[in-house]
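All I have is the shape, not the residue letters:
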């Protein structure tokens, strides 16, 4: 079972997914570009994340380097499955309608969605 990270943990994981393994100092510096976060707060969250096995900690150097144990796709899938079941009662079409209906969608995104639907239809029809 994949753990569902908290909002603060997700912020940290996003940084690590984008930048690769980092020290607490560097993660904290990047968080502070978005909002004010104290170093000790970032350190404590990352220590908890390591205990929960969301991060690994390389202690070879003076400054410990943290790496996420999960890929972003795994976490996205787990969170989306949870939202689908709890908020949309398992209805994928309601989820998609809500996601697309409340915001303007860029032309490029619409084309990506069309291609994905076409790919899914072709897969269903046995066309690869």
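Done, it's in. In this text, all values refer to a predicted model and were calculated from it rather than measured experimentally.

residues contacting the residue most central in space within the chain?
Nearest to the geometric centre of the chain sits residue 72, at 4.6 Å (CA atoms, centre = their mean). By CB atoms under 8 Å, 6 or more residues apart in numbering, residue 72 lies in contact with 13, 14, 17. Using the backbone N, CA and C atoms, a C-beta is placed for each residue, glycine as well.

Swap in 10 Å and give it another go.
10, 13, 14, 16, 17, 18 (CB atoms under 10 Å, 6 or more residues apart in numbering).

what's in contact with the strand or helix carrying the last one?
Taking DSSP states H and E as the definition, residue 18 sits inside helix 7-19. The set of residues that contact helix 7-19 without belonging to it, under CB under 10 Å, 6+ apart, is 3-6, 22, 24, 26-31, 33-35, 37, 41-42, 45-46, 48-49, 52, 54-55, 66-73, 75, 79.

For PyMOL, what selects the buried ones among the residues you listed?
Remark: buried members of the contacts of helix 7-19, expressed as a PyMOL selection using 16 or more other CB atoms under 10 Å:
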select buried, resi 5+22+24+26+27+28+30+31+37+42+45+46+49+54+55+66+68+69+70+75
